[in-house]
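[1] 3D model of this:
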Amino acid sequence: MDTLTKPRSFLLVLFGLFTTTVLLFALYRISLPFYNFYKYYLLIYIAIPLLSILAITIFLDKKYNFKMKRYSILAIILFLICIAIFPKFKNYIILDTEIKAEKLVIGIQQFRIKYGYWPTSIDDNNFDVLSKKAFFNRPFYYSVERNYMGDSVAIIKFYSFDGLEAKLIFDSSTNVLRNKIEWNYSD
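    Prediction:
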């Protein structure tokens, strides 16, 4: 018990690594749904509990001569660092998801060229080598629909941050093999 209440540097490093992972995951989870009040939820679900824990550890340190305040201060410092690096982390996830989806779109287009019709599902054996899920196990959705002219179009979509849905609609005349793919983000 003395090791936990009077931590040395190794224990603080382990605590810091664990806390950073938990904080980044919490920031990720908060930013996925459509929250217009991202800062409000950040304050309620992360900042206030951290400050409350700091107050409790300061009280325990004074009353029982512990040195647990170091954990709380380290957690607050890591929280501030995570807030600073999260936008880069978020941009990486969005870019990685778009790259995986583009590979899937190209595979679907090549299937259409090879067989003359759109695949019914991306669970087909032809797509086994392609990733059907984005970062953190978020799936890509695929469907074939008719447009207003009666032509069939393929639709790939995935859910991104802040509750946004990224969608790409392409038909047999769309050449996704040569052109840059522009995702349409909407809520």
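[2] buried sites along stretch 89-109?
    Within stretch 89-109, the residues that count as buried by 16 or more other CB atoms under 10 Å are 90, 93-94, 97-98, 100-102, 104-105, 107-109. C-betas here are computed from N, CA, C, even on glycine.
[3] break the protein into its domains for me.
    Annotated domains of the chain cover 2-92, 93-186 [automatic domain parsing].
[4] just the terminal-to-terminal distance for the last one.
    Think domain 93-186. Taking CA to CA, to the nearest Å, domain 93-186 runs 18 Å from one end to the other.
[5] give me the contacts around the one helix or strand I155 maps to.
    Assigned by DSSP states H and E, I155 belongs to strand 152-159. Contact partners of strand 152-159, identified using CB atoms under 8 Å, 6 or more residues apart in numbering, comprise 32, 97, 101, 104-105, 108, 112, 118, 134, 138-147, 165-172.
[6] C-terminal to whatever helix or strand Q110 lives in, what's the next element?
    Using DSSP H and E, Q110 falls within helix 69-115. Using DSSP H and E, the helix or strand that follows helix 69-115 towards the C-terminus is strand 141-146.
[7] paired strands for that following strand, with orientation please.
    With DSSP bridges as the test, strand 141-146 is paired with strand 152-159 (antiparallel).
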